[in-house]
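S.K.: I'd like to go over a predicted model; first the sequence, then the structure.
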Amino acid sequence: MGINVIIGYTLMFIGAFFFLLSAIGLLRLPDLYTRMQAATKSTTLGAISSIIGIGLMKEDILIKSIILATFIILTAPISGSALIRAGYKVKSPMTDKTVVDKFKEKEGE
Amino acid sequence: MIFYISALLIIGIGIYALIIKKNLIKIIIGLDLIETGINLLIVSIGYVNGKTAPIFSKDVMNASLMVDPVPQALTLTSIVIGASELALAAAFVVLLYRKYGTLDIRKIRSLRW
Amino acid sequence: MIRKIVYGVFILIIIAAIAIFMSNYKFGVDKMDVGKYYLDNTVPQTGAANVVTSVTLFYRGFDTLGEVTVLFTAALGVAVLYFMGENKRKQKLQESNFVTKIGTRVVFPFILLTGAYIFMHGHLTPGGGFQGGALIATGFLLLYLAYEETSIDRKKFYLVEGLGGLTYVIIGLLGFFMKGSFLANVLPNGTLFDLLSGGIMLPIYIGVGLKVGSELSNIIDDLMCEVKCEEAGGEE
Amino acid sequence: MNIYILIFSYLLLVLTIILSILAIHVKDLLAAVIFMGGGSLLVSLVFLLLQAPDVAMSEAAIGAALTMAIYIVAVKKTEREDNDD
Amino acid sequence: MVNLANPTLLVVIPLFFAFLSIIISPFLKKLIKFVPLIVSALNLVVIYFIGVKVLYGSIVLGTTAGLNPPYVIILAVDKLNFIIVLMVNVLGFLISFYNIFYMKEEPTDKFHILFTLLIMASSWISITGDLFNVFVAFEVLSLSSFGLVGYMRSKDSIEAGFKYVVQGILAGSLLLIGVVLIYAQTGTLNMAHIATKLDYVGSLEKLVPYVLIFFGLAVEGALFPLNSWLPDAHPAAPSGISAMLSGIVTTTAIYAIIRVTVTVFNYSAFIPYLFIIALLTLFFGEIAAFFQKDLKRMLAYSTIGQTGLFVLAFSVGTQASISASVAQMVNHSFSKAVLFLVAGIMIEAQGSRNIDDLKGFGRVNILTSILFVFAALSLIGVPPFFGFFTKLAILQTLLDFPGFLGYLSFALVLFAAIIEGVYFYRVFKILFEKSDKNFQAENPWLVISPFILVLILVILSSRPMSVLNFTNDIANQLIQRTIYLTSVLGGLK
């Protein structure tokens, strides 16, 4: 049981845990914007840690998994923000508990 | 056996949409479903139980442990042909909407079949 | 209404007939005849590691030539149908947000790189000309979504499209003139698993990858122009 | 095909069929197109389980990405609501 | 000199020029309208070399990838598809000459490239010896004709085009399922190899793939249940294209059905159903043509009728009947192409497609109307023309179809001939009536192609017996399918 295998398994476990967290987040959070935030968290953190974990366990696909991880880091947040912005444009309802709406202020002046 | 049944089911759904639906976009979706169903049928015909993908690599060198490559080659062709057909069909739908202003077949005289 | 029921019954009969026909060709049973030949002597004859690519390109290369023509015809068909003459005027689109703009500028080269990687390694790893070309086309699609003033230079894309198709046909003709039969393998097979193996497959898939990439970008450019520019002047 | 992959492929196929039925029946055309794209993405996963990686990539790259883009543009140019019978 | 008698060149030359012309299209837009002409001319040269070999009874093979047939796609040219390929390229050459002067609408360079691809696809379907290759060539054919039918972008051409697109895609899917089921059954895709394997399979078991392939091809071949798109699509296309569609594309689809039925499936069990379908196609085609007011729609319906006629002749199944059906196929292609080309000239001269507006057209443009009359008479089968001998041969063979159906079909064919005579006579009468309407003289360049086609018809009419002997050899070679199987597979069983 080499050291990298142990690290690999722990990383994959963390990844799985993040997926679980975001699944719960998707269910419980009230409106689009918070739920979207949970979804992007799962794709970025969960996926990256499990991929790096697999990369650590098998040496010859380590480079590929690192490239894959950087790709996910690049694309996932962008699509998340684009989705949320589209949601805002379509005027999807915000929960009553929202405190501040930076976008309207910027839009307002 | 589930793969054959589901492939035929998807083709059935596609043909059902083609016949029943009145909306042009739904008809195009029906055609796309038929193509997807056929692709699933072709690949599942080529599958052999307990064999791996037909790509030689350092740890897979034994040719007798591989799935049939020919249906996969046919599916590659069929996917691209399906996509280009439907790109043309979508172009026709947009032009029809521009000329007739509606997506409903019943209003476009000769399309009522 | 009756016609629809007739068609419905007719189609259901076909599906039931196919199901019955398939019942005596069980799932997962080895039905290979020609497939076994391809599996056994892909490596000696073509030197490619990916058997599917060797079947699509070398043994059944004529099919893929037809498929390249199908995509070529579809691109021409869409261009003919969306042809609006010269009187096009650009319509003002929504300003897309800042994050997508910067993100696209970062990601776009990566997408092209991955697309090129996929069609360069068609004969080693899964993937090939069509998948790589489609990826490149998604890169251009991303460009269109982020910057609405993008418009690709159709002349250059037609040039790349034509050259891609021509490499395929010329390599085939080389096979014809040197070895007597179209698409015969004229280049050395090289050793397994390294980039320059696979004889004629590498140059063909480079040509096909560039061709599919530029062709699908042409189709996307027609579609995006459909969205952006209304036809000036009234309809007839 | 060991048991886990078989169960996973059953799940995927049932999901694909549900998505295709939804793609037909939902009123909003854009939602129908997105269901269609989702369905073809799941089918490309099924191709992976059927040991066909080339086809999976091709179905994902061409079937899900580009066909959906073409349909979305078609829906944007026409109307979104399907005022059916 | 590399032997030019290789059928693969028939597909590669058009493709080479098509890709070349897409490169030069932004710069030398004017040159592209000559590309289809050059392509069909070069194809005719290759066909001449192939023809020299085929006429001595040997089957010319074109292998790809340098290996022997069952593992590689092969193109096989025997006497039957030599005639079809010859007709495709002769008509392609003359119609592309016609198109150079006829096409004015905007993206003409793309039009001519699509037309080159249409010629390539028709000749590809007729020479390929691989079942999946038939599907790919069928797709190239239908896609290029979708683009060409919808080319005018007018209201009715887009409507007809969409109807054609949906039925074309459905046909392609049916054909694909059929081909795949055959692959599941036999494991190979080469027609000859499949034929040898299918001989051991019971006729009921190979019914499903056959029916699927038949209906897939029947949509393009204008047979009865699936041809509702044809009367709209053919007239909506520019006239050069409707001539190509009616003259050649339907014929290649019917050829594909013949090749699949006789060589691959060796299917005598299906012949009676084919007989009934052909009878229905003939009947409905002719009746509908009788009531048409629009000239091109009338010609489209008569295409359906004529296709029904020569499929009827084929489905009798004897060698004499197949030779009669091939002769009628040749006669119909040439005369229908002339009719559509002349119809294009007439419509361009006076604007509307309605027959009644043609009053007195004959008095002004005498030559065009005479060409129209010649072609129509040959189509109907009036004695001095080639059509008479082919129809006579068909009627003789119909008599020996057993039982009541034979007499019924004999009566029906005669009845159909009479109807054809009536509705063509009606057009003649209107053409040569006295009327004050002055038409602009027809563009002389446009008349050359139909004139040459009518010349070909006249040559055929002058020596009908030798033509019928040649079609007899064709039928003979087709019926003994073992010649095809052994020569393609090189004796490999």
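M.R.: That came through, no problem. Numbers count the residues shown, from 1 in each chain, chains lettered A, B, ... in the order given.
S.K.: do the least confident helix or strand in chain B by mean pLDDT and chain C meet at all?
M.R.: Taking mean pLDDT, DSSP states H and E as the measure, chain B has helix B:2-20 as its least confident helix or strand, at a mean of 88. Yes. If you take Cβ under 8 Å from any Cβ of the partner chain as the test, helix B:2-20 does meet chain C, through B:2-5, B:8, B:11-12, B:15-16, B:19-20. For the C-beta atoms, the positions are set from N, CA and C on the backbone; glycine is no exception.
S.K.: Tell me the one among those residues nearest to chain A.
M.R.: Of all the residues of helix B:2-20 next to chain C, chain A sits closest to B:Ile2, with 26.8 Å by Cβ to the nearest Cβ.
S.K.: ok so, going back, got a quick ChimeraX command for the buried subset of the residues of helix B:2-20 next to chain C?
M.R.: Buried members of these, defined by 16 or more other Cβ atoms under 10 Å in any protein chain shown, are picked up in ChimeraX with:
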select /B:3,4,8,11,12,15,16,19,20
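S.K.: and the residue in chain E that chain B sits nearest to, what is it in contact with?
M.R.: Relative to chain B, the nearest point of chain E is E:Phe162 (4.4 Å; Cβ to the nearest Cβ). Contact analysis of E:Phe162 by Cβ atoms under 8 Å, 6 or more residues apart in numbering or on different chains lists B:24, B:89, B:92-93, B:96, B:111, E:150.
S.K.: can you list those residues in a markdown table and add secondary structure?
M.R.: Shown next, in a markdown table, are the contacts of E:Phe162 (DSSP: H, G, I helix; E, B strand; the rest coil):
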| residue | secondary structure |
| --- | --- |
| B:Leu24 | helix |
| B:Ala89 | helix |
| B:Phe92 | helix |
| B:Val93 | helix |
| B:Leu96 | helix |
| B:Leu111 | helix |
| E:Gly150 | helix |
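S.K.: The least confident helix or strand of chain B: what's the following helix or strand?
M.R.: Note on helix B:2-20: by DSSP states H and E, the next helix or strand toward the C-terminus is helix B:24-46.
S.K.: elements contacting that next one?
M.R.: The contact analysis (3 or more Cβ pairs under 8 Å, 6 or more residues apart in numbering or on different chains; DSSP states H and E) places helix B:24-46 against helix B:2-20, helix B:69-100, helix D:3-25, helix D:29-49, helix D:67-77, helix E:155-186.
S.K.: Number of residues surrounding residue 79?
M.R.: In the absence of a named chain, this looks at chain A. When neighbours are counted by other Cβ atoms under 10 Å in any protein chain shown, A:Ser79 registers 14.
S.K.: that's the other chain; I wanted chain B
M.R.: By the criterion of other Cβ under 10 Å, B:Ile79 has 29 neighbours.
S.K.: for chain C, what are the nearby residues on chain D?
M.R.: So chain D meets chain C at D:1, D:52-54, D:56-58, D:61-62, D:65-66, D:69-70, D:73, D:76-77 (Cβ under 8 Å from any Cβ).
S.K.: Of those - the most surrounded one?
M.R.: D:Ala52 (31 neighbours).
S.K.: re the thing from before, cross-check the residues of chain D next to chain C against chain B and keep the overlap.
M.R.: Checking the residues of chain D next to chain C against chain B by Cβ under 8 Å from any Cβ, the ones in range are D:1, D:52-54, D:58, D:62, D:66, D:70, D:73, D:77.
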